[in-house]
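Peer 1: please find the sequence and the predicted model below.
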Amino acid sequence: MTDFDAIDALLAGARKEVPLPPAEERRALRDGLSLSRAQLAQALNVSPSTVGGWESGRDPSGEVREKYAYFLEGARAKMAAAAAEEAPDEEGAAEEASDEEGAAEEASDEEGVDNTPARTVSAGQEPGPADADDVEALPAPQPCVLCGQPASHQVAGFPQHLDPADCGTAERTHTREPAPPQRPAPDREPRRPVPAGRQDQAARGLRVVPAGRRLKTADTPDPIGSAVTAALAAHCGDIEAATAALVKRAIPDAMALLDETRKGGRYDIVAHPWLPDILRKQTARGADQIWEGRPKWSRSELPPGEHEVTALDVNGAYLSALKTHLPIGRLEHSAGNHHDRRRAGVHLITPPDWEHDAYLPNPIGSRDEPGPLWVTEPTLRLLLRLAGPKHALCDPPQIHESWTSGATESLLEKFRVALKDARERAITENDEVTLEYVKAMYSKFVSTMGESNYNREIYRTDWMHLIRSQAFVNLWWKAHRAYDEGLMVVRAMGTDELHVIGDWRAVFPEGRGVTEMKVKDVYTVGTPAATD
């Protein structure tokens, strides 16, 4: 093939991307068909947050762009056809709507009933456009998460009254002329009174949620089990093919699971915040300026004689590390030698000298260059704890400046627990398909949270570093526990490898659970003592 032939082939295969309507029209087309983001996301095999991104201005690419454009064009045609059918009766419909509106206003004046649209999230306020996506009719009434009385709809997955008048936890906050008292309608259940301690909240229009009901849903979905079942069915029970297909879709499935587990959460996840330059790659293939503290340590000397060493493997290191203090919002800069435990982020420190390298790894990992460096929240907290009176193993680090935000340790907790529970069930049932799928979900979730082309839904380079560092810190504490219990620590590598001499089963439980350790290898070091 000549160069011209290659160019002709390239031109023949090239195609222009399908045009998409403006972002505001994309949402209007979906809303016009009364479809939720979750329904559209399922049809396109993406997560609801991805659809939300497209409706906010981001554009898909490749095959999914063509599918999305096909949906939008079909939605536009369907809405146009529906409008054409209604056009002849437009005048009569307008008159009928006017009559109904007048009747509703008259009934409102006579009975004191508030006919304004019901708030779907917080009692007494109007629903925003985003709220309507999360409202679904229930096949059978279920207890409202706010008042406990039967409700016919669910909001963001939680059974709830759409009309504040039907809910017994919050009074309406609309300003209106007082109406004469009316007897309750015979077909309506009496309202439950607002407890005295909550009346102030109700008056301010705040959402009042009983403590035991905040995070409960009527039916707990099992997206992991459903995905595994569907994959096995699609590949006619072929375990290898089903596993490969599930691992391939692990990233979007992890993001969908994150969306599901964040329902009812106290904080919204900021998926694409502004980040300081220290958290950005210095070159296209380079790294940023954050030091994660990876240990690559080996004991320099062993006692004379021959020793049996057990290489232990930490199960689900990154899965356990999802429980760490993560900054919620945009990172803010501060200077000075001060640490606020209510915040988390990255810190420029001068680390203390470490004088225990003969038997324990350095908490900041294997670093040859002296001087200040940027470390993560887990590494800083480890150093501060070791400098405290309980351990007194080093001096406190000197903090020069920080990039932090208000933080919580439970931001990913429901996500972590869902993955952990699925992993434990898979181990119990000897289900290797689910086990590999779950492992791919949490490991790829962590590794693609930075500026990755594989996960455009979340760019939290700070979280990626913090979770990785927490895994290293967890390994360090296991090494310290082994040393404290009389074992001889020989090596500590990465996030999950600890080599020890001694009866390790007296210190660590053995198994495949995330709180257990399993044997990776057993080998012998040293030489037998000479005999006479």
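Peer 2: It's in. Numbering: from 1, shown residues only.
Peer 1: tell me the SS of the residue nearest to residue 449 when sequence neighbours are not counted?
Peer 2: Spatially, and ignoring its direct neighbours in sequence, residue 449 is nearest to residue 464 (4.1 Å; C-beta to C-beta, 6 or more residues apart in numbering). (Each C-beta comes from the backbone N, C-alpha and C, glycine too.) Classification of residue 464 by DSSP: H, G, I helix; E, B strand; the rest coil places it in helix.
Peer 1: report the contact partners of residue 464.
Peer 2: Listed by C-beta atoms under 8 Å, 6 or more residues apart in numbering, the contact set of residue 464 reads 446, 447, 449, 450.
Peer 1: now, among those residues, which is nearest to residue 329?
Peer 2: residue 449 (16.2 Å; C-beta to C-beta).
Peer 1: so that closest one, which state does it fall into?
Peer 2: coil.
Peer 1: what's the spacing between it and residue 480?
Peer 2: 28 Å (C-beta to C-beta, to the nearest Å).
Peer 1: ok, the two, which is more surrounded?
Peer 2: residue 449 (22 against 19; other C-beta atoms under 10 Å).
Peer 1: for the more buried one, phi and psi?
Peer 2: Dihedral pair for residue 449: phi -80, psi -10, per degrees, to the nearest 10.
Peer 1: then residue 434?
Peer 2: The phi/psi pair for residue 434 (degrees, to the nearest 10) is phi -60, psi -40.
Peer 1: ok, residue 407 next?
Peer 2: Residue torsions, per degrees, to the nearest 10, at residue 407 are phi -130, psi 160.
Peer 1: ditto for the one 5 residues further on
Peer 2: Dihedral angles of residue 412 (phi, psi; degrees, to the nearest 10) stand at phi -110, psi 20.
Peer 1: and for it, nearest residue in space, chain neighbours not counted?
Peer 2: residue 322 (4.6 Å).
Peer 1: equivalent analysis for residue 436, please.
Peer 2: Nearest to residue 436 is residue 243, by C-beta to C-beta, 6+ apart, at 5.1 Å.
Peer 1: tell me the helix or strand right after the helix or strand containing that neighbour.
Peer 2: Counting by DSSP states H and E, the element that carries residue 243 is helix 239-248. As assigned by DSSP H and E, the chain's next helix or strand after helix 239-248 is helix 250-261.
Peer 1: other residues contacting stretch 246-255?
Peer 2: With contacts defined as C-beta under 8 Å, 6+ apart, stretch 246-255 is touched by 45-47, 49-50, 223, 227-228, 231, 433, 436-437, 440-442, 444-445, 448, 454-455, 457-458.
Peer 1: of those residues, which belong to helices?
Peer 2: 49-50, 223, 227-228, 231, 433, 436-437, 440-442, 444-445 (DSSP state H).
Peer 1: filter these to the buried ones?
Peer 2: 49-50, 227-228, 231, 433, 436-437, 440-442, 444-445 (16 or more other C-beta atoms under 10 Å).
Peer 1: now those in JSON lines, with pLDDT and distance to residue 32?
Peer 2: Shown next, in JSON lines, are those (pLDDT from 0 to 100; distance: C-beta to C-beta, whole Å):
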{"residue": "49", "pLDDT": "73", "distance to residue 32": "21"}
{"residue": "50", "pLDDT": "81", "distance to residue 32": "20"}
{"residue": "227", "pLDDT": "94", "distance to residue 32": "30"}
{"residue": "228", "pLDDT": "94", "distance to residue 32": "35"}
{"residue": "231", "pLDDT": "94", "distance to residue 32": "34"}
{"residue": "433", "pLDDT": "95", "distance to residue 32": "40"}
{"residue": "436", "pLDDT": "96", "distance to residue 32": "42"}
{"residue": "437", "pLDDT": "97", "distance to residue 32": "37"}
{"residue": "440", "pLDDT": "96", "distance to residue 32": "38"}
{"residue": "441", "pLDDT": "96", "distance to residue 32": "35"}
{"residue": "442", "pLDDT": "96", "distance to residue 32": "38"}
{"residue": "444", "pLDDT": "95", "distance to residue 32": "36"}
{"residue": "445", "pLDDT": "95", "distance to residue 32": "34"}
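Peer 1: farthest pair in those?
Peer 2: Largest pairwise distance in these, by C-beta to C-beta, is 26.0 Å, between 49 and 433.
Peer 1: circling back to that earlier point, which of the buried ones among the ones in helices among the contacts of stretch 246-255 lies closest to residue 25?
Peer 2: Looking across these and measuring by C-beta to C-beta, the closest to residue 25 is residue 50, at 17.9 Å.
Peer 1: could you pull out the strands for the stretch 401-532 of the chain?
Peer 2: Assigned by DSSP state E, counting those that start in this stretch, the stretch 401-532 of the chain shows strands spanning 488-493, 497-501, 517-525.
Peer 1: can you tell me which of those strands is most buried?
Peer 2: strand 497-501 (a mean of 22; mean count of other C-beta atoms under 10 Å).
Peer 1: in terms of secondary structure, what does that strand contact?
Peer 2: strand 307-314, helix 461-484, strand 488-493 (3 or more C-beta pairs under 8 Å, 6 or more residues apart in numbering; DSSP states H and E).
Peer 1: domain ranges for the protein?
Peer 2: Annotated domains of the chain cover 14-113, 116-176+190-219, 277-525 [automatic domain parsing].
Peer 1: so who does the residue most central in space within the chain touch?
Peer 2: The centre of the chain sits closest to residue 258, judged by C-alpha atoms, centre = their mean, with a distance of 3.8 Å. Residue 258 is in contact with 269, 412, 415, 445, counting by C-beta under 8 Å, 6+ apart.
Peer 1: so where is this protein shaky, pLDDT-wise?
Peer 2: Filtered on pLDDT under 70, the chain yields the residue ranges 1-3, 8-16, 86-135, 145-148, 155-159, 161, 163-165, 167-220, 529-532.
Peer 1: most neighbours, which of the contacts of residue 258?
Peer 2: Most surrounded of the contacts of residue 258: other C-beta under 10 Å gives residue 445, at 27 neighbours.
Peer 1: not counting its neighbours along the chain, what's nearest it?
Peer 2: residue 254 (4.3 Å).
Peer 1: state the distance from that neighbour to residue 138.
Peer 2: 28 Å.
Peer 1: equivalent analysis for residue 528, please.
Peer 2: Where residue 138 is concerned, residue 528 sits at a distance of 73 Å (C-beta to C-beta).
Peer 1: those two: which has the busier surroundings?
Peer 2: Between residue 528 and residue 138, residue 138 has the larger neighbour count (other C-beta under 10 Å), namely 14 against 9.
Peer 1: distance of that one relative to residue 38?
Peer 2: 16 Å.
Peer 1: next: residue 58.
Peer 2: 18 Å.
Peer 1: and for residue 450?
Peer 2: 27 Å.
Peer 1: these two - which one has more neighbours?
Peer 2: Legend: neighbour count by other C-beta under 10 Å for residue 450 and residue 38, higher for residue 450 (21 against 18).
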